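Visitor: Dropping a prediction and its sequence here:
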Amino acid sequence: MKKSLRSVNPGLWTVVALALALVVWELAAAAGHVDVFFFSCPSLIWAEFLEMLANGTMAMHLSVTGKEAGLGLLLGSVLGTLTGLILGVHPRLNRALMPLLTGLNGLPKLALGPLIIIWFGIGLKSKVLMSALMVFFIFTFNLFSGVRSVERELITAVELLGGTRRQVLTKVIWPACLPWLLTSLRTSLGLSISGAIVGEYLGAGKGMGWVLAAASQRYDVGRVLCCVAVIVCIVVLLDGVVRLLEHKLLRWR
């Protein structure tokens, strides 16, 4: 019996635990042990989701936030990857810039939000920059660590065989950094969405962050939890896609 339980897919246990928690939450709300004004309940959250889906509100605001987060992830990942690679292959540049980058990474990104809104307005640019800022340092530090993890003996062997600097970078360093890149991508999926939502929360006329801010001001807990649940589901699905990609691209390992 114990052996059969251990063989069950861990994902199934997650689904069972989540379903059990939702059932207990719903029953507690129905019995009056949970105040639905402050905590809502699964049935009300589901009804809110269906309403937002039917009137197009969910699709519209999700598309806005998705565009901002996608562009921010693209910008932050490209700049972060290039910065990490450059610092990794140039030790002098690394010694000069890494302390500065470490200090900047320590700054609370939320505190920079109002400044970005002031500088770039409440349009698309500010949300993309907030999202890119959230993921830039993840890619920079991870790719830097990936370059530094490459064995120096392997690089020397390729150079002794006549390999050029470009071949060392593309045939040795880049493949070694690919796992670090995919790890950065998985970590950054949620952060890019968070950056876009924070930007919308601080100043916007649409997007999931704006919906959350407006619902909070009206004490509409059901809508807040509905939006949070949708965002969590999207991040989990995207993480699953990246896991699949990781499995296919890193099969050679």
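Guide: Cool, got the structure. Numbering: from 1, shown residues only.

Visitor: quick check: mean pLDDT across the longest helix seen in the chain?
Guide: Criterion DSSP state H: the longest helix present in the chain is helix 57-89. In this model, helix 57-89 has a mean pLDDT of 91.

Visitor: same deal with stretch 17-29?
Guide: On average, stretch 17-29 scores 89.

Visitor: in it, what counts as buried?
Guide: For stretch 17-29, burial by neighbour count (16 or more other CB atoms under 10 Å) applies to 25-26, 29. C-beta here means a position set from N, CA and C on the backbone, and glycine is covered the same way.

Visitor: ok, now stretch 195-214?
Guide: 195-204, 207-213.

Visitor: now stretch 120-135, how far from the centre of its chain.
Guide: With CA atoms, centre = their mean, to the nearest Å as the basis, stretch 120-135 stands 15 Å off its chain's centre.

Visitor: Any buried residues in that stretch, and which?
Guide: Of all the residues in stretch 120-135, those buried under the rule 16+ other CB under 10 Å are 120, 122, 124, 126-135.

Visitor: that older thread, show me the buried residues of stretch 17-29 that map onto helices.
Guide: Using DSSP H, those in helices are 25-26, 29.

Visitor: Make a markdown table from those and add distance to residue 76 to it.
Guide: Below are those laid out as a markdown table (distance: CB to CB, whole Å):
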| residue | distance to residue 76 |
| --- | --- |
| 25 | 36 |
| 26 | 39 |
| 29 | 40 |
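
Visitor: Residue 227: which of those is nearest?
Guide: Closest approach between these and residue 227, by CB to CB: residue 25, at 17.6 Å.

Visitor: Quick check: the closest one vs residue 216, distance?
Guide: According to CB to CB, to the nearest Å, residue 25 stands 21 Å off from residue 216.

Visitor: Next, the contact list for the closest residue to residue 148 other than its chain neighbours, please.
Guide: Once flanking residues are discounted, residue 148 sits nearest to residue 88: 5.8 Å by CB to CB, 6 or more residues apart in numbering. Contact partners of residue 88, counting by CB atoms under 8 Å, 6 or more residues apart in numbering, are 94, 143-144, 146-148, 173.
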